[in-house]
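> Structure for the following, please:
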Amino acid sequence: IRSTKTKVIEAPLPEPAEDDVKRAFNVKERDVFVKIIDTTDTVHSDQTGKYPVRSRSGYNYIMAMCHVDTAAALAEPMKNRTAKEMIRAYRALLARIRRAGFVVRKHILDNECSAELKEEIRETCKLQLVPPGSHRANIAEVTIKAFKQHFISIRAGMAADFPQSFCDMVLPQILLTLNLLRKSHSAPTVSAHAHFCGQHDYNAQPLQPIGQSAEVFIRKEERKSWGYHSRPAWYLYTSPEHYRTHMFLLKDTKTLRLSDASIVHTKNLTTPKV
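Have a look, this model is predicted:
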């Protein structure tokens, strides 16, 4: 319905008054201002407490990481808090940062860390531990607090029949919406997501309320002659690899389904009152 082409309207510049031109000794047409920002290339990481419900994939914990320069919040689910699982989550988060074009030179975390994870971090960047019991020195503690509050508020708005064991599936869009609300540290005029991943295209990847009931269209070759044209599902997240396509969880089979033709039931949602 909406055109995805950006309309560029070039308005003519106003003509300066003759009196202003006569008074001006040297008329400046363009001004350039330079600002130097000292980036640190530092990350903070920590683990959340045990999630109340174990996911279908076996995840119980979440490793949260904060990239200081962009203020981007990253998260990776973990099955347990063993050294092997924490190293796997650390490598996954580090790969996302490198994929975004950033280099990690310093990693700050608390003392609750295994020797294997410390050795893994030392091979990639400089390691620094915060003093015992000092939560203010680790920015990841504040990031975890903001992440958990954002997660809880989204979970409270999900459909009543949404299975909590699939909450790890909605992590991509939870992090996307959280970073869209956070502003970057080194570039406060843009969001953390824009600084870390680039501007989000709302026409190509529109956002829908997470965990809401929906109806997903079933193609003709997949349904019977007198079968229904849609199947009930729950909305999970918008696909970053497709155009206006969303990921759903089918209610009857508990399987994932990508669809570009669907209806999300959002009539029961209201604007929250302050």
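> so who does the nearest residue to residue 104 once chain neighbours are set aside touch?
In space, and not counting its chain neighbours, residue 104 is closest to residue 125: 4.8 Å by Cβ to Cβ, 6 or more residues apart in numbering. C-beta coordinates here come from the backbone N, C-alpha and C atoms, glycine included. Residue 125 sits next to 104, 105, 106, 107 when contact means Cβ atoms under 8 Å, 6 or more residues apart in numbering.
> SS state for residue 44?
Assigned by DSSP: H, G, I helix; E, B strand; the rest coil, the conformation of residue 44 is strand.
> My error: substitute residue 89 in the last question.
Quick answer, by three-state DSSP: residue 89 is helix.
> Burial check on it, number of neighbours?
24 (other Cβ atoms under 10 Å).
> Residue 75 pairs with what?
Beta-bridge partners of residue 75, counted by DSSP bridges, are residue 64.
> That one reaches residue 59, doesn't it?
No: taking Cβ atoms under 8 Å as the definition, residue 75 is not a contact partner of residue 59, at 10.9 Å.
> Heading C-terminal from the strand ranked longest in the chain, find the next helix or strand.
Taking DSSP state E as the criterion, the chain has its longest strand at strand 230-238. Where DSSP states H and E defines the elements, the next helix or strand beyond strand 230-238 is strand 246-250.
> ok now the helix or strand following that next one, how far from the chain's centre?
Using DSSP H and E, the helix or strand that follows strand 246-250 towards the C-terminus is strand 256-259. Computed by Cα atoms, centre = their mean, to the nearest Å, the chain-centroid distance of strand 256-259 equals 20 Å.
> Repeat that for stretch 216-228.
Using Cα atoms, centre = their mean, the distance from the centre of stretch 216-228 to the centre of the chain it belongs to is 34 Å.
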